[in-house]
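J.: Okay, predicted coordinates and the sequence, questions at the end:
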Amino acid sequence: SPENLVLINTLQKWVISFISLTFSTNFISTLFISSCIWWSHRRTMGIEVKGRSLGPEITIIIESGVTYSACLVIMFTVYVVGHFTVYIVQDAVCSITL
């Protein structure tokens, strides 16, 4: 039926693959970006400008990545279970990415 478009069995493998790849990409990107900022900060510790720390920036990036990843895990779980709340979670994930 048209109301159940996302939960169609023929699309299930594609949707699960998409959510899994999105989660993996987000996790790896967050890890790499945070690591690069941390590494750059460690290399330049001797030239600090007025005690400026990059801790808050790293925290924001990690928290953003964790929030988005948590929503993807919830969306994946709800989708695999086949519950209609997948539409609500899908809207929430779209709002978070903006």
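T.: Thanks, I have it.

J.: residue boundaries of the helices in this protein?
T.: With DSSP state H, the ranges of helices along the chain come out as 12-43, 55-81, 86-97.

J.: Out of these, which gets the lowest mean score?
T.: Comparing mean pLDDT across the helices of the chain, the weakest is helix 86-97, with a mean of 79.

J.: Now do that one: which elements does it pack against?
T.: helix 55-81 (3 or more Cβ pairs under 8 Å, 6 or more residues apart in numbering; DSSP states H and E). Bear in mind the C-beta positions are built from the backbone N, C-alpha and C, glycine included.

J.: Quick one: work out the angle between the helix it packs on and helix 86-97.
T.: Here helix 55-81 runs at an angle of 160 degrees relative to helix 86-97 (axes from the mean of the first three to the mean of the last three Cα atoms, to 10 degrees).

J.: Number of residues surrounding Thr25?
T.: Residues near Thr25, counting by other Cβ atoms under 10 Å, number 10.

J.: if I look at it, how far off is Ile8?
T.: As for Thr25, its distance to Ile8 is 24 Å (criterion: Cβ to Cβ, to the nearest Å).

J.: ok, Leu72 touching Ser24?
T.: No - assessed by Cβ atoms under 8 Å, Leu72 is found out of contact with Ser24, at 9.6 Å.

J.: Give me the more crowded residue out of these two.
T.: Higher neighbour count among Leu72 and Ser24: Leu72, with 20 against 12, using other Cβ under 10 Å.

J.: ok, now which ones touch that one?
T.: With contact set as Cβ atoms under 8 Å, 6 or more residues apart in numbering, Leu72 has these partners: Ile19, Thr22, Phe23, Asn26, Val93.

J.: Can you add neighbour count and give those back as a markdown table?
T.: Conversion of the contacts of Leu72 to a markdown table gives the following (neighbours: other Cβ atoms under 10 Å):
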| residue | neighbour count |
| --- | --- |
| Ile19 | 19 |
| Thr22 | 17 |
| Phe23 | 18 |
| Asn26 | 18 |
| Val93 | 16 |
